[in-house]
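*Asks:* Sequence plus predicted model, see below.
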Amino acid sequence: MNALPPRKNERFTVLIVDDDKEMGRLIKKVLDREDYQVRIAENATAGLMLLQQRTFDLVISDFRMPGMNGIELIRKAKQISPRTQLILITAFGDVQTYLDAMGAGAFEYINKPIKMGDLKAVIRKASKAFSAESEDTFQQKSPD
């Protein structure tokens, strides 16, 4: 099993936003085994509140939820935490939803049913992208 890339002295932090409690717990269980620090929010409003309280490296959100959908969540999450990577998952995928998600700032879009191996591969890519962006930001701020 390929472990997800660790960060120096810190665990990669993931927020799962899904109104389907079983799906949230299943994804959390898989990511816990990969040694990620994982939190779950049962709706977009709760997810945004958590994002305002602390920084997450990655948000995995369902598309269809009561109150606010995943694309709206992505837009608001990017305003709160622009460097956070976002993955949208959905059972109702079509080309327009994909384009909307990517246009809103999603890192990736995954259709349900989710294959956990595929999800872990996408998270590895998101982790590398986050680490590379963090390194670029650090180098830009460092005096020469």
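*Replies:* Right, received. Where do you want to start?
*Asks:* so what pLDDT did the residue positioned nearest the centre of the chain get?
*Replies:* Centroid check for the chain by CA atoms, centre = their mean gives residue 59 as the closest residue, at 2.2 Å. Listed pLDDT for residue 59 reads 97.
*Asks:* May I ask you to confirm that it belongs to a strand?
*Replies:* Yes - applying DSSP: H, G, I helix; E, B strand; the rest coil, one finds residue 59 inside a strand.
*Asks:* residue boundaries of the strands in this protein?
*Replies:* 13-17, 37-41, 58-62, 85-90, 108-111 (DSSP state E).
*Asks:* want to throw the ones you listed into CSV with distance to residue 50?
*Replies:* (C-beta placed from N, C-alpha, C; glycine too.) As requested, these are exported to CSV (distance: least, CB to CB, whole Å):
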stretch, distance to residue 50
strand 13-17, 6
strand 37-41, 6
strand 58-62, 9
strand 85-90, 14
strand 108-111, 21
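*Asks:* Run through this structure and note the low-pLDDT ranges.
*Replies:* Within the chain, the ranges that satisfy pLDDT under 70 run 1-9, 133-144.
*Asks:* Hmm, residue 11 and residue 58 touching each other?
*Replies:* No - under the criterion of CB atoms under 8 Å, residue 58 makes no contact with residue 11, lying 11.6 Å away.
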